[in-house]
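> give me a model of this one.
(2 chains)
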Amino acid sequence: MYLFWLVLLPLLSSIVAYLNKRQLAAYLLGLSQLLLFLMALYTAFNVYTYGNIIYSFGDNTISTGINLVADKVNIIFILLSSIFFPIMLLFNYHKSYMNKLFLFLFLVLQGLINGIFLSNDLFNLYALIEVSTITVSILIMYKKTSHSIYDGILYLLINLVSMTFFLLGIGYIYKIFGTLDLTLIKQQLTHVTSTPGLILPYTLILTPIVLKSALLPLPRAHGTPSAPSIVSSVLSGIYVTSSLYLFIKIQDTFSSAINTDSLFLILGFTISILGFVLALSQTDIRLILTYSTISQVGLIVFGLSLSSDYSYYGSIYHLLSHAIFKSTLFLTAGMIIEEYDTRDIRKIRGLFKRMPFVTIVICFALLGISGAPLFNGSISKYLIKKGSDSIQLLEYGLIIINIATITYLMKYTSMFFGNSKKSKVPPKNQKIALILLASLCLLGGIGGQFFINWLFDLNIQFEVLHYAEKFLVYFISLGMGYLFYEYIYKKSHFFQTIRQLELSFNELILTITLFFTGLLSYLLLVQ
Amino acid sequence: MERFFNGESISILIFLIGVYGLLARRNIIKTVISLAIMQSAIILFFLTINYEDGRIPPIGDVTIHTAVDPVPQALMITAIVIGVAVTAVSLTMFISLYHHYGTTNWLKVINKRRED
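Numbering: from 1, shown residues only, chains lettered A, B, ... in the order given. All right, here's what the predicted structure looks like:
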């Protein structure tokens, strides 16, 4: 009954924040965010005790109404978003651009993202994604520097174009099934005998989702360098998560008719390596993080396509962990850029002496992302690896991805060393927000076993010997990553050429069209 | 002949014209126009779904057998509203881009951006 409040409450609070004075609005916002978190917790409790909750608008029959569904997977993401957004607001509390309009847009985005997670109707999803695209692009260009305006308009138009593909796909789906509800489509798909008719709508719907979930390595499409740092961390953290959740949902719906697991297994691996090459070649710290997102998304898709329960839930856990450590990295990157007044990693030195607190927080996030034992990344990477046990080749693939991750993180750590004078301590609200995020990184690792058992009903046991082995593997990967960075990266000119690469708008559209035609012809050939 | 020239094939043709505009034109205004062309193609596509000759619009007191399927029409009203909003936002953004860079060409914008 109350499911729609998870979407409506942030929207209402955004209007309240816009209309009231700053001091009062801050209290009201705090209150509404607390209420939202409690509601999400209550819903999660209900879902885990009594099963899925379905809320149907208007008409009470499921087939004709627009449905919101809370199940065991998406409620975790709702919980994540209701923890994530208050932390972001807390972090940005004292910023000068954080005025009424910014708050309004930011909270609207929270409501829309919750809507994307809950919605089970394709057209509803289209409307939500379209509006969130507009909101995000306005947030990107909020500071109105000339760089951010270009980034904003590019982001807007690319995503709008891809969403027209989505809408056309919806048209085909409605023509074939006479409904737009994903559960009903899945039910009807079991009766379908001939699949070729489904390939076109499937490809049309999947292309924009693949674009939005950072699977196409389009430069500057995610966590654009000129945007405010909390916008980047929302984009790379929770917004990519929502698109990947859609990817999971669409794949699940069509799985009985169209199987693309092997394609996405290869694509995930390739994207992961491509993201690594692009991340390593950049000198802008924001861009390193952006491409690192692409690399991690590759790993997640790789895990999702392994067709094993362990790696499937491992990927979902990695999606959660990724949202946390990547947002930590983006927030701290914003602080570093403010302090040094440059985004160039070669000019930033002596971070440990200048900002010791920030450096420690970054270390936590880096340990998480590289899968160090006791941190959240290790649990998810362990689960993905467990799913690939049967085939030796896949296991090697995972090790390569992990060494690649460590290599570009080596580059990121290069700014820690050197001499510099100590700067003033960061404001209290930023400190609290960062401590919260860093402790979530650690908590996700230490309590990982408990969370996995509780959330996904998967029984995993870790022994002491196992930890010893993990430490050993981690240190060997660390060593190899270091060697690669010192002896291959520094002496090669290959990476410098890649750095110059920048696609124009037309070339970006061409990439999307090529991906679409490629996927279409692959499916037509295979089926 | 009529079998091939139905709403579906025409709308896909218009959609592809839009895609061509996006791929081949470097003018930002023309990009926005191409986007609008694609949207109108989709509207045509939706309206011809499940359409048969002799059906009447689903307004007022009509029996189910004679009226067309109302769902695509309802969806398209929403899509038209979204389309208008989207065009307005992209043109507004274009105006601010034009104030900063003084050009309507995507490539020239990139070149000027590099110089900054």
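
> which stretches of the stretch 251-400 of chain A form strands?
Counting by DSSP state E, counting those that start in this stretch, the stretch 251-400 of chain A forms no strands at all.

> list the contacts of stretch B:8-25.
Stretch B:8-25 is contacted by residues A:161, A:164, A:168, A:506, A:509-510, A:513, B:30-31, B:33-35, B:37-38, B:40-42, B:44-45, B:48 when judged by Cβ atoms under 8 Å, 6 or more residues apart in numbering or on different chains. C-beta coordinates here come from the backbone N, C-alpha and C atoms, glycine included.

> swap in stretch A:487-499?
With Cβ under 8 Å, 6+ apart, stretch A:487-499 has contacts from A:277-278, A:280-283, A:407, A:411.

> 6 Å instead, please
Contact with stretch A:487-499 is made by A:280-281, as judged by Cβ atoms under 6 Å, 6 or more residues apart in numbering or on different chains.

> and that stretch, which residues are buried?
Neighbour-count burial for stretch A:487-499, counted by 16 or more other Cβ atoms under 10 Å in any protein chain shown, picks out A:489, A:495.

> any of the contacts of stretch B:8-25 buried? List them.
Of these, these count as buried by 16+ other Cβ under 10 Å: A:161, A:164, A:168, A:506, A:509, A:513, B:31, B:33-35, B:37-38, B:41-42, B:44-45, B:48.

> surely A:Phe91 is in contact with A:Gln430?
Yes. Here A:Phe91 reaches A:Gln430: they are 5.5 Å apart, a contact under Cβ atoms under 6 Å.

> between the two, who's got more neighbours?
Counted by other Cβ atoms under 10 Å in any protein chain shown, A:Phe91 and A:Gln430 do not tie: A:Phe91 has more neighbours, with 26 against 23.

> can you pull the contacts of that one?
A:331, A:430, A:433.

> go again with 8 Å.
Per Cβ under 8 Å, 6+ apart, neighbours of A:Phe91: A:230, A:331, A:429-430, A:433-434.

> how about A:Leu263?
So A:Leu263 contacts A:519, A:522 (Cβ under 8 Å, 6+ apart).

> quick one: it from B:Lys108, how far?
38 Å (Cβ to Cβ, to the nearest Å).

> cool, A:Lys470 as well?
53 Å.

> looking at the two, which one has more neighbours?
A:Lys470 (18 against 13).

> tell me which element that one is part of?
helix A:464-483 (DSSP states H and E).

> what helices or strands is that helix leaning on?
When contacts are defined as 3 or more Cβ pairs under 8 Å, 6 or more residues apart in numbering or on different chains; DSSP states H and E, helix A:464-483 packs onto helix A:376-387, helix A:392-413.

> secondary structure for the contacts of A:Phe91 - can I get that in CSV?
Below are the contacts of A:Phe91 laid out as CSV (DSSP: H, G, I helix; E, B strand; the rest coil):
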residue, secondary structure
A:Ile230, helix
A:Leu331, helix
A:Asn429, helix
A:Gln430, helix
A:Ala433, helix
A:Leu434, helix
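
> contacting residues for the most centrally placed residue in chain B?
Centroid check for chain B by Cα atoms, centre = their mean gives B:Gln39 as the closest residue, at 1.3 Å. Residues counted as contacts of B:Gln39 (Cβ under 8 Å, 6+ apart) are A:164, A:167, B:79, B:83.

> point out where the chain drops to low pLDDT.
All of this refers to chain A. Residue ranges of chain A with pLDDT under 70: A:1, A:59-64, A:217-225, A:462-465.

> to clarify, I was referring to chain B.
Checking chain B against pLDDT under 70 turns up B:1-2, B:63-65.

> please redo it, this time with the cut-off set to 80
Low-confidence segments of chain B, defined by pLDDT under 80, are located at B:1-4, B:50-67, B:115-116.

> show me where it has helices.
B:7-24, B:28-48, B:70-101, B:106-115 (DSSP state H).

> buried sites along the longest one?
Looking back up the chat, that one is helix B:70-101. B:71-73, B:75-76, B:79, B:82-83, B:86-87, B:89-90, B:93-94, B:97, B:100-101.

> could you find the closest non-adjacent residue to A:Leu200?
A:Tyr172 (6.1 Å; Cβ to Cβ, 6 or more residues apart in numbering or on different chains).

> gap between the one you found and A:Ser256?
Distance from A:Tyr172 to A:Ser256, by Cβ to Cβ: 18 Å.

> how about B:Leu16?
31 Å.

> go on, A:Thr342?
In terms of Cβ to Cβ, A:Thr342 sits 53 Å off from A:Ser256.

> could you do A:Leu215 as well?
23 Å.

> who has more neighbours out of those two?
Each of A:Leu215 and A:Ser256 has its neighbours counted (other Cβ under 10 Å); A:Leu215 has more, 25 against 14.

> need the three-state assignment for the more buried one.
A:Leu215 ends up coil, using three-state DSSP.

> wait, it touches A:Val301, no?
Yes. Using Cβ atoms under 8 Å, A:Leu215 is in contact with A:Val301, at 6.3 Å.

> between those two, which contacts overlap?
With Cβ under 8 Å, 6+ apart, A:Leu215 and A:Val301 have common neighbours A:247, A:267-268, A:271.

> can you redo the residues you listed as JSON lines with neighbour count and distance to chain B?
Shown next, in JSON lines, are the shared contacts of A:Leu215 and A:Val301 (neighbours: other Cβ atoms under 10 Å in any protein chain shown; distance: Cβ to the nearest Cβ, whole Å):
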{"residue": "A:Phe247", "neighbour count": "21", "distance to chain B": "22"}
{"residue": "A:Leu267", "neighbour count": "20", "distance to chain B": "23"}
{"residue": "A:Gly268", "neighbour count": "24", "distance to chain B": "27"}
{"residue": "A:Ile271", "neighbour count": "24", "distance to chain B": "23"}
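
> quick one: which of those sit in helices?
Those of the shared contacts of A:Leu215 and A:Val301 lying in helices (DSSP H): A:247, A:267-268, A:271.

> contacting residues for B:Ile49?
B:Ile49 sits in contact with A:171, A:174-175, B:69, B:72, where contact means Cβ under 8 Å, 6+ apart.

> indicate the residue of the stretch 351-500 of chain A located nearest to chain B.
A:Gln500 (9.7 Å; Cβ to the nearest Cβ).

> for that residue, give its distance to A:Gln282.
11 Å.

> what about the two, which has more around it?
Counted by other Cβ under 10 Å, A:Gln500 and A:Gln282 do not tie: A:Gln282 has more neighbours, with 24 against 8.

> phi and psi next, for the more buried one.
phi -80, psi 160 (degrees, to the nearest 10).

> wait, it sits on A:Ile288?
Yes. Judged on Cβ under 8 Å, A:Gln282 makes contact with A:Ile288 at a distance of 4.9 Å.

> what's the spatially closest residue to A:Gly418 that is not a sequence neighbour in contact with, if anything?
Nearest non-adjacent residue to A:Gly418, counting by Cβ to Cβ, 6+ apart: A:Arg349, 3.4 Å away. Residues near A:Arg349 by Cβ under 8 Å, 6+ apart: A:415, A:417-420.
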